[in-house]
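Colleague: Give me a model of this one.
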Amino acid sequence: MDMGRFLIEMHLRTGKPIKELARTHGVNPSWLLKLLRRYRLEGPAGLEPRSRRPKSSPSRIADLYEDEIVVLRKELVDAGFDAGVATIHFHLSQRHRHAPSVPTIWRVLRARGFVTPQPKKRPRSSYSRFVADLPNERWQADMTHVPLPNGEVFEVLNIIDDHSRVCVASRVMNVVKAHDVVRVLHKSAEAWGYPASFLTDNGLIFTARTHFGVEGVAEQELFALGITAKHSRPYHPQTCGKVERFHQTLKKFVAAQKGIETKKQLQRAIDRFVAYYNDVRPHRGVNRRTPRSVFEAREKAEPTAPMIKINDRRLRLDKVDTAGSVTVRHRGRLHHIGIGRAYAGWRVAMLIEGLDIEVVGLDGSPLRRLVLAPTKDYQRMP
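Modeller: Below you'll find the model as predicted:
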């Protein structure tokens, strides 16, 4: 999330002082004042991020040796010798007292097109930690199995706030269903507010589109609330790593408890753990602070899309093709609905009730309403 834009809009909407917003969100007030001046001069365009790259870098070592690195690379290749970056670094070290480093040489060769990164090697950027900037900017949800000593196994739905690591919900069920996800989402929002986005894996309780090509109960409810639904890449649990790690901590606690034999006892034990986890236990992932203190330290994000009443209508998400149309199937027959070439590439939602169809953008903007003509393959614009 663009922190600068969020704070400036918060200042303009609520009138909160710049210095107070800067202090609570850990940013420099002079930066916010500069953004505010840009906004007043240029409007929303003034809040767009700008490059900090200098126009020139006279002391940049790569510029001093770039041509020599390329020439040496070609000479080694032509001679049939190894021309890797370590070899080039060795030869440059023989010629110069302060030769560029191996990473610098690699960057020069990559920029000049001599090196192609190997996809099998994991890039360093993949080790970066991704954390939401604001509380409620993103919730992570997942289900896990918790066995009891008597052999019974229950399913537990856990929901974690990505920014603060607060556990907003941890509910025990015999079997978690999509309706349960919706129910727990609303119950959690009563205490914590609704999130801007909801990140899960591709389990059937979270997404039916991946499995059947249609939006499921959870996806429809998230769309109706204006919450962005996000899903991890299949077989890549690292995307939901925070809630996956919470599973481990929770199971370790449950395994150490004595006398848990029923579902109610398990829920009471988990409730004790969540209270301790949120309010007492310092979390290493948030600089040894408690998750609740981190959650309450900043302004909360909210759903960015407008709420849309689905009622009993069927929801279908689609993308406008290059011809400016979307498709819907009625009684086995595929129909194309014209939206307009100006909307090519847009993600849209179709709310369908019998032959009545309403097409809206994901931002809630109305695009078209029509009564489908079953005998026509293409529904032209009026």
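Colleague: make it CA atoms for all contacts and neighbour counts henceforth
Modeller: Will do.
Colleague: Now the nearest residue to Thr228 once chain neighbours are set aside, what are its backbone angles?
Modeller: If the residues on either side of it in the chain are set aside, Thr228 comes closest to Ser197, at 4.4 Å by Cα to Cα, 6 or more residues apart in numbering. With angles defined as degrees, to the nearest 10, Ser197 shows backbone torsions of phi -140, psi 160.
Colleague: For Ser197, give me its contacts.
Modeller: Taking Cα atoms under 8 Å, 6 or more residues apart in numbering, we find Ser197 in contact with Asn136, Glu137, Arg138, Trp139, Ile227, Thr228, Ala229, Lys230, Pro303.
Colleague: closest to Lys258 among these?
Modeller: The nearest member of the contacts of Ser197 to Lys258, counting by Cα to Cα, is Trp139 at 31.4 Å.
Colleague: Now do that closest one against Glu244, distance only.
Modeller: Trp139 sits 13 Å away from Glu244 when distances are taken as Cα to Cα, to the nearest Å.
Colleague: more crowded one of those two?
Modeller: Between Trp139 and Glu244, counting by other Cα atoms under 10 Å, Trp139 is the more crowded of the two (28 against 19).
Colleague: The residue found closest to that one once you drop the neighbours it is linked to in the chain: how many residues sit nearby?
Modeller: Beyond its immediate neighbours in the sequence, the residue positioned closest to Trp139 (Cα to Cα, 6+ apart) is Asp161, lying 4.6 Å away. The local packing of Asp161 (other Cα under 10 Å) involves 27 other residues.
Colleague: I'd like the mean pLDDT over the stretch of helix or strand Leu35 belongs to, please.
Modeller: Secondary-structure element containing Leu35, defined by DSSP states H and E: helix 29-42. Helix 29-42 comes out with an average pLDDT of 92.
Colleague: What of stretch 55-74?
Modeller: The average of the pLDDT scores along stretch 55-74 is 76.
Colleague: so where's the stretch 51-200 of the chain uncertain?
Modeller: With pLDDT under 70 as the threshold, the stretch 51-200 of the chain has low-confidence stretches at 56-63, 79-82, 116-128.
Colleague: go with 80
Modeller: Within the stretch 51-200 of the chain, the set of residues satisfying pLDDT under 80 comprises 52-64, 77-84, 115-129.
Colleague: quick one, helices of it?
Modeller: Under the criterion DSSP state H, counting those that start in this stretch, helices of the stretch 51-200 of the chain are mapped to 61-78, 85-95, 102-111, 178-192.
Colleague: Could you dump the ones you listed into JSON lines with mean neighbour count added?
Modeller: As requested, the helices of the stretch 51-200 of the chain are arranged in JSON lines below (neighbours: other Cα atoms under 10 Å):
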{"stretch": "helix 61-78", "mean neighbour count": "15"}
{"stretch": "helix 85-95", "mean neighbour count": "16"}
{"stretch": "helix 102-111", "mean neighbour count": "17"}
{"stretch": "helix 178-192", "mean neighbour count": "16"}
